[in-house]
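Here you go, sequence then predicted model.
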Amino acid sequence: MASINRSLKLNTKTKLSISPALIKKMEIFSLSYGSIQNTYTGVELSENLTYSATESLDSFLLEQISNLYVSLGDQKILARMVELLDDNGLFTSWTDTISTLQSEFNISRRKAYDLLATFQELEPEGVGATSTKNFIEIQITKHDFDDEEFKKNTLSILKFEKELIAGDLQTISNKTGISLNRISLCLLYIKNNIVYTLPRQQFSYLKSNTVVPSAKVELINNVFTIEILEDFSNVKNSDILKILQERATGLKSILTVFFQKQKTNIFENGELLNPVTQKTIAEITGLSQSTVSRLVNSKYIQVNNRVYLLKSLFQRKINKSNFSASFIKKYILSNINKTDIVITTELEKIGLNISRRTVNYYRNKFF
């Protein structure tokens, strides 16, 4: 495995300072295949390439909530919080949200804030932020930056809401010592995140109820084969084309690592895919977690004629056995007629050592 991992490492050792060109690259990495085509080629994709979309931000969040290790009461409150999100996937009227939760569930303000912290651990990153400013702060705080000074500058600038609204950048520069050029660069980054990575924005292209997969994966002779479907032969701008080629290379590396970590025998039994953390992908490929997050953003993949939202295959946290609660839930569902002891034995064979009592717990909890 070590030799395989080295071959997957991308040339990312050079420290990158934030620049307009890098921010443009981040934008292109974040876009869906369909959005890229519309923006840079002007060519409409064939209907033969599109698939019906079933995922929405709400369904994506509810699936994650159902797999949390929290009480059923907390799950109900968290599910209600999904309904209270605004059009961007944020809680910009958080005071009203707290009042609603207190009225409907008789919980304290402290409990509401505890649940908010749990909610903000869900994917996509920044969901449930209490303002656009808070959303940017969450993104900046959780992403790994090569340019730490840029990170500090951006967080400092966000404190000057009044000046930002008035466009008074000179005052911000005078008070922080940050140059006007640097402030403009920070604002470009902020604008890019607001436009392309707001939680609801990541699902906005689903309004047409169709999606275009960026890659195709098939299990052939017990081996996963990966094909990148994105075709940018009509892109004329050489600089943009170079970024798109880098995007395709990064996406291929991410998928290669992900499917190396799947059990083919388990996939054949119900097409079960076990989530992998973005941190694990980053460590193996050499990509930063920020880059991995951008590359899986707004992308779909086709696996044996079934279409998956790529981001849904990644989780921030997985237990020590490297199997998620979601995987266990789906495995039990696909083998619902088997006894607890049979399921326990089968899971042991793939490296998941849990007791029959635990299997029974999951069966009763979810079904």
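Looks like it arrived, so ask away. Numbering: from 1, shown residues only.

Leu68: what secondary structure?
Here Leu68 is recorded as coil under DSSP: H, G, I helix; E, B strand; the rest coil.

Could you say which helix or strand holds the closest residue to it other than its chain neighbours?
Spatially, and ignoring its direct neighbours in sequence, Leu68 is nearest to Gln75 (6.7 Å; CB to CB, 6 or more residues apart in numbering). For every residue, glycine as well, the C-beta is placed using N, CA and C. Here Gln75, judged by DSSP states H and E, is contained in helix 72-83.

Please spell out which residues along that helix are buried.
Buried residues in helix 72-83, defined by neighbour count with 16 or more other CB atoms under 10 Å: Asp74, Gln75, Ile77, Leu78, Met81, Val82.

One more: stretch 152-168?
Per 16+ other CB under 10 Å, stretch 152-168 contains these buried residues: Asn153, Thr154, Ser156, Ile157, Leu158, Phe160, Glu163, Leu164.

Keep only those of the residues you listed that are in helices.
Asn153, Thr154, Ser156, Ile157, Glu163, Leu164 (DSSP state H).

from those residues, which single one is nearest Leu241?
Thr154 (29.4 Å; CB to CB).

Val307: what secondary structure?
Secondary structure, three-state DSSP: Val307 is strand.

same question, Lys216
Assigned by three-state DSSP, the conformation of Lys216 is strand.

related to what we said a few turns ago, could I get the ones in helices among the buried residues of stretch 152-168 as CSV with pLDDT and distance to Leu90?
Shown next, in CSV, are these (pLDDT from 0 to 100; distance: CB to CB, whole Å):
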residue, pLDDT, distance to Leu90
Asn153, 92, 24
Thr154, 91, 19
Ser156, 93, 22
Ile157, 93, 20
Glu163, 92, 22
Leu164, 88, 18
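
Switch the residues you listed over to CSV; also include distance to Ile284.
Compiled in CSV, these are given as follows (distance: CB to CB, whole Å):
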residue, distance to Ile284
Asn153, 31
Thr154, 29
Ser156, 34
Ile157, 34
Glu163, 43
Leu164, 39
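
coming back round to it: can I get the buried residues of helix 72-83 in a markdown table with pLDDT and distance to Thr130?
What follows is these, written out as a markdown table (pLDDT from 0 to 100; distance: CB to CB, whole Å):
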| residue | pLDDT | distance to Thr130 |
| --- | --- | --- |
| Asp74 | 93 | 19 |
| Gln75 | 90 | 21 |
| Ile77 | 96 | 17 |
| Leu78 | 96 | 16 |
| Met81 | 97 | 12 |
| Val82 | 96 | 15 |
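
Which pair of the residues you listed spans the longest distance?
Top of the distance list for those (CB to CB): Asp74 and Val82, 13.1 Å.

quick one: common contacting residues for those two?
Residues touching both Asp74 and Val82 (CB atoms under 8 Å, 6 or more residues apart in numbering): none.

of all the ones in helices among the buried residues of stretch 152-168, which comes closest to Leu22?
Closest to Leu22 out of these is Thr154 (13.7 Å), distances taken as CB to CB.

Just to check, the closest one is in contact with Ile183?
No - with contacts counted by CB atoms under 8 Å, Thr154 stays clear of Ile183, the gap being 9.3 Å.

Tell me the secondary structure of the residue lying farthest from the centre of the chain, please.
Taking CA atoms, centre = their mean, the residue of the chain most remote from its mean C-alpha position is Asn174, at 37.2 Å. Under three-state DSSP, the three-state class of Asn174 is helix.

Contact partners for it?
If you count contacts by CB under 8 Å, 6+ apart, Asn174 has none.

Roughly how far does it sit from Pro20?
24 Å (CB to CB, to the nearest Å).

Using TSV, please lay out the buried residues of stretch 152-168 together with distance to Leu61.
What follows is the buried residues of stretch 152-168, written out as TSV (distance: CB to CB, whole Å):
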residue	distance to Leu61
Asn153	32
Thr154	27
Ser156	31
Ile157	30
Leu158	25
Phe160	32
Glu163	34
Leu164	30
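
between those residues, which is nearest Ser312?
The closest of the buried residues of stretch 152-168 to Ser312 turns out to be Thr154 (CB to CB; 28.7 Å).

Return the alpha-carbon coordinates of stretch 121-133 using PDB.
The C-alpha trace of stretch 121-133 is given here as PDB (Å, rounded to 0.1, in the frame of the first residue of the first chain):
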ATOM      1  CA  GLU A 121     -20.300  19.900  12.600                       C
ATOM      2  CA  LEU A 122     -22.500  18.500   9.800                       C
ATOM      3  CA  GLU A 123     -21.500  18.700   6.100                       C
ATOM      4  CA  PRO A 124     -21.400  20.900   4.000                       C
ATOM      5  CA  GLU A 125     -18.900  23.000   6.000                       C
ATOM      6  CA  GLY A 126     -20.500  26.100   7.400                       C
ATOM      7  CA  VAL A 127     -24.100  24.900   7.400                       C
ATOM      8  CA  GLY A 128     -26.000  26.400  10.300                       C
ATOM      9  CA  ALA A 129     -23.800  29.500  10.600                       C
ATOM     10  CA  THR A 130     -25.600  32.300  12.300                       C
ATOM     11  CA  SER A 131     -24.600  34.900   9.800                       C
ATOM     12  CA  THR A 132     -22.700  35.300   6.500                       C
ATOM     13  CA  LYS A 133     -19.700  36.500   8.600                       C
END
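
centre of the chain versus stretch 87-107, how much separation?
Distance of stretch 87-107 from its chain centroid, counting by CA atoms, centre = their mean, to the nearest Å, is 24 Å.

Can you name the residues in contact with it?
By CB under 8 Å, 6+ apart, stretch 87-107 touches 57, 73, 76-77, 80-81, 84-86, 108-109, 112, 115-116, 124, 126-132, 134-135, 198-201.

Give the buried subset of the residues you listed as a PyMOL selection command.
A single PyMOL command suffices to select whichever of these are buried according to 16+ other CB under 10 Å:
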select buried, resi 57+77+81+85+112+115+116+124+126+127+128+129+130+132+134+135+198+199+200+201
